[in-house]
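*Asks:* return atomic coordinates for the entry below.
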Amino acid sequence: MLLSQGQEWVQFSGIVRLGDIDQENRVLSTQIADARVEYTGNGSVGRASREGWLSKFFNAISPF
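*Replies:* Presented below is the predicted three-dimensional model:
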């Protein structure tokens, strides 16, 4: 997926019941449990969205 200059990847994962998958191998977003969207990349958007060292420090000692 090209979002800006560089390469970006969007990964979507979650848990679905076998019966919720239709004949075209699709699932409604409302039928996905523990949905997770991960974004990584080496473009300008990817660099700007990375957590800095100070944020990592504070999240480690107080994750709320």
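
*Asks:* biggest helix in this protein by residues?
*Replies:* Taking DSSP state H as the criterion, the chain has its longest helix at helix 53-61.

*Asks:* and the nearest residue to V16 once chain neighbours are set aside, what does it touch?
*Replies:* Closest residue to V16 apart from its sequence neighbours, by C-beta to C-beta, 6 or more residues apart in numbering: V27 at 5.0 Å. Every residue, glycine included, has its C-beta placed from N, CA and C. The contact partners of V27, by C-beta atoms under 8 Å, 6 or more residues apart in numbering, come to V16, D20, I21.

*Asks:* then D34?
*Replies:* Listed by C-beta under 8 Å, 6+ apart, the contact partners of D34 are G14, I15.

*Asks:* ok, back up a step: nearest to F57 among the contacts of V27?
*Replies:* Distance to F57 across the contacts of V27 (C-beta to C-beta) is lowest for V16, with 36.5 Å.

*Asks:* surely the closest one and L28 touch.
*Replies:* No: V16 lies out of contact with L28 (C-beta atoms under 8 Å); the separation is 9.3 Å.

*Asks:* between the two, who's got more neighbours?
*Replies:* Legend: neighbour count by other C-beta atoms under 10 Å for V16 and L28, higher for V16 (14 against 9).

*Asks:* picking that back up, okay if I get the contacts of V27 as a markdown table plus secondary structure and distance to A33?
*Replies:* Below are the contacts of V27 laid out as a markdown table (DSSP: H, G, I helix; E, B strand; the rest coil; distance: C-beta to C-beta, whole Å):
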| residue | secondary structure | distance to A33 |
| --- | --- | --- |
| V16 | coil | 7 |
| D20 | helix | 10 |
| I21 | coil | 14 |
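
*Asks:* what helices or strands is the longest helix of the chain leaning on?
*Replies:* Helix 53-61 sits against no helix or strand, with contacts defined as 3 or more C-beta pairs under 8 Å, 6 or more residues apart in numbering; DSSP states H and E.
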